[in-house]
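K.L.:
Just need the structure, nothing else, for what follows:
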Amino acid sequence: MKSIIATTCIAFMITSLMTACSDEKETVQAEPQKKVESTLSPSEKQERLEREQLENGTMSYRQSVKGGDYGISVLNGTYEEANESSGTIKAQVKVENVHDDGTGVDLSPLKFWVENEKTHQKFIGKALPNETQKFKNLPQGQSMVFDVSFLIKDARELENFYLYIDSQNDPFNNTHWKLDNLASKQN
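P.N.:
As a prediction, this is how the structure comes out:
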């Protein structure tokens, strides 16, 4: 009999304790999250955009990339309209021989193309060096600036063009330059 009374008392105490603990819990209502407007200044927004572009391999004018043979930067880009729907993009490119062993480097293996990010149209470019001999054998430590020309058949959405430069000798892993302000330089 004593064991039945003891078991009943223990059961009653456990039930009371569980009921008391469950009553103390408060229901928390989730407040809807408020959208916080960006409080970044224009310069901070520009910094963030540049950081995202660098992470994606997108460079801006005068930013350079260095490989084993070449150090390359795009100085500027222009668009010259030929007729209503076509024209020529010219990019001014600076290439430096970054070898430290005194050897010259041939720039002819460099391949140039522009691509419209929206339409995915590609246009192959042609280097227009002023000094052909220096282009074929750029001495160590020297640089050369030359134009690259691209004949564009569809000149819509000029703000979406990117310049790609690559070489089998010195791959640049999808590095490309945003060709800014092309539309504003139309003739």
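
K.L.:
can you list contacts of the lengthiest helix in the chain?
P.N.:
Counting by DSSP state H, the longest helix found in the chain is helix 2-24. With contact meaning C-beta atoms under 8 Å, 6 or more residues apart in numbering, helix 2-24 is reached by no other residue. No exception for glycine: its C-beta is placed from N, CA and C like everyone else's.

K.L.:
Check stretch 158-173 too.
P.N.:
Contact with stretch 158-173 is made by 57-58, 65, 67-70, 72, 74, 77, 79, 89, 91, 93, 109-119, 125, 148, 174-180, 182-183, as judged by C-beta under 8 Å, 6+ apart.

K.L.:
Among these, name the buried ones.
P.N.:
Buried subset of these (neighbour count, 16 or more other C-beta atoms under 10 Å): 58, 65, 67, 69-70, 72, 74, 77, 79, 89, 91, 93, 110, 112-116, 125, 148, 175-179, 182.

K.L.:
so which helix or strand takes in the residue nearest to Gly67 when sequence neighbours are not counted?
P.N.:
Nearest-residue entry for Gly67: Asp170, 4.0 Å, with adjacent residues in sequence omitted and distances by C-beta to C-beta, 6 or more residues apart in numbering. Of the helices and strands defined by DSSP states H and E, none includes Asp170.

K.L.:
quick one on the thing from earlier: out of the buried ones among the contacts of stretch 158-173, which are inside strands?
P.N.:
58, 65, 70, 72, 74, 77, 79, 89, 91, 93, 112-116, 148, 176-178 (DSSP state E).

K.L.:
before we move on, back to that, can you report how many residues lie near the residue nearest to Gly67?
P.N.:
Residue neighbour count, defined by other C-beta atoms under 10 Å, stands at 17 for Asp170.

K.L.:
a helix runs through Asp100, doesn't it?
P.N.:
No - assessed with DSSP: H, G, I helix; E, B strand; the rest coil, Asp100 is coil; it does not lie in a helix.

K.L.:
can you pull up the bridge partners for the closest residue to Ala82 other than its chain neighbours?
P.N.:
Sequence neighbours aside, Thr88 is the residue nearest to Ala82 in space, at 6.6 Å (criterion: C-beta to C-beta, 6+ apart). Thr88 has these beta-bridge partners by DSSP bridges: Glu80, Leu151.
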